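A.B. asks: sequence below, structure please.
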Amino acid sequence: YSNDGKLVAFGSADTSIYIHQCMEKGFPLLAKARGHSSPISCIDFGCDKGSDSAAFLRSNSISGEAMFWTTRGKLQTPLSQRDTAWESQSCIYTTSLEGAHSSYNDHNGKVTS
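C.D. replies: Numbers count the residues shown, from 1 in each chain. Below you'll find the model as predicted:
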């Protein structure tokens with residue numbers, strides 16, 4: 001759920017993210033974000049600085065992809081998200097952690113959480 005309670009997003013094994021509105025009469029689909037090449041492992045909502053409404057998502061896949069989206073499902077560039085205030089820190093592959101995982105590659109390990 002987004003912090004404002006207006007949106008919920010589900011990552012799927014079909015490599016898509018389903019973004020739903022939270023309303024009294026169900027959860028109508030707002031958008032479907034597609035672009036990952038493997039199943040989704042985590043999602044974070046984000047807001048424009050100074051706003052309390054979720055406007056963005058970032059997601060990771062099980063293969064280590066990191067992608068950024070609007071809540072309408074439009075793909076964004078990482079650079080365009082540099083001022084986003086992320087509501088949570090569920091995603092382990094982010095621009096703020098770039099390079100932090102490289103030391104584990106030498107040990108045949110893959111960072112998973």
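A.B. asks: quick check: Asp44 touching Ala66?
C.D. replies: No: in this structure, Asp44 is not within contact of Ala66 by C-beta atoms under 8 Å, at 10.5 Å. Just so you know, the C-beta spots here come from the backbone N, C-alpha and C atoms, and that holds for glycine as well.
A.B. asks: the more surrounded of the two?
C.D. replies: Asp44 (21 against 18; other C-beta atoms under 10 Å).
A.B. asks: what's opposite the residue nearest to Ile40 when sequence neighbours are not counted in the beta bridge?
C.D. replies: Distances taken as C-beta to C-beta, 6 or more residues apart in numbering put Gly11 closest to Ile40, at 2.6 Å, once the chain neighbours are dropped. For Gly11, the beta-bridge assignment (DSSP bridges) gives partners Ile17.
A.B. asks: for Gly11, list the residues it contacts.
C.D. replies: By C-beta atoms under 8 Å, 6 or more residues apart in numbering, Gly11 lies in contact with 17, 39-43, 59.
A.B. asks: can you turn the buried part of those residues into a ChimeraX selection?
C.D. replies: To isolate the buried members of those in ChimeraX, using 16 or more other C-beta atoms under 10 Å:
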select :17,40,41,42,43,59
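A.B. asks: so of the contacts of Gly11, which ones are in strands?
C.D. replies: Counted as lying in strands by DSSP state E, out of these, are 17, 40-43, 59.
A.B. asks: coming back round to it: out of the contacts of Gly11, which is nearest to Tyr1?
C.D. replies: Ile43 (10.5 Å; C-beta to C-beta).
A.B. asks: identify the bridge partners of that closest one.
C.D. replies: Beta-bridge partners for Ile43, by DSSP bridges, are Ser59.
A.B. asks: contact partners for it?
C.D. replies: 9, 11, 17, 57-59, 90-91.
A.B. asks: same deal with Arg58?
C.D. replies: 43-44, 46, 66-69, 81, 84, 86, 91, 94.
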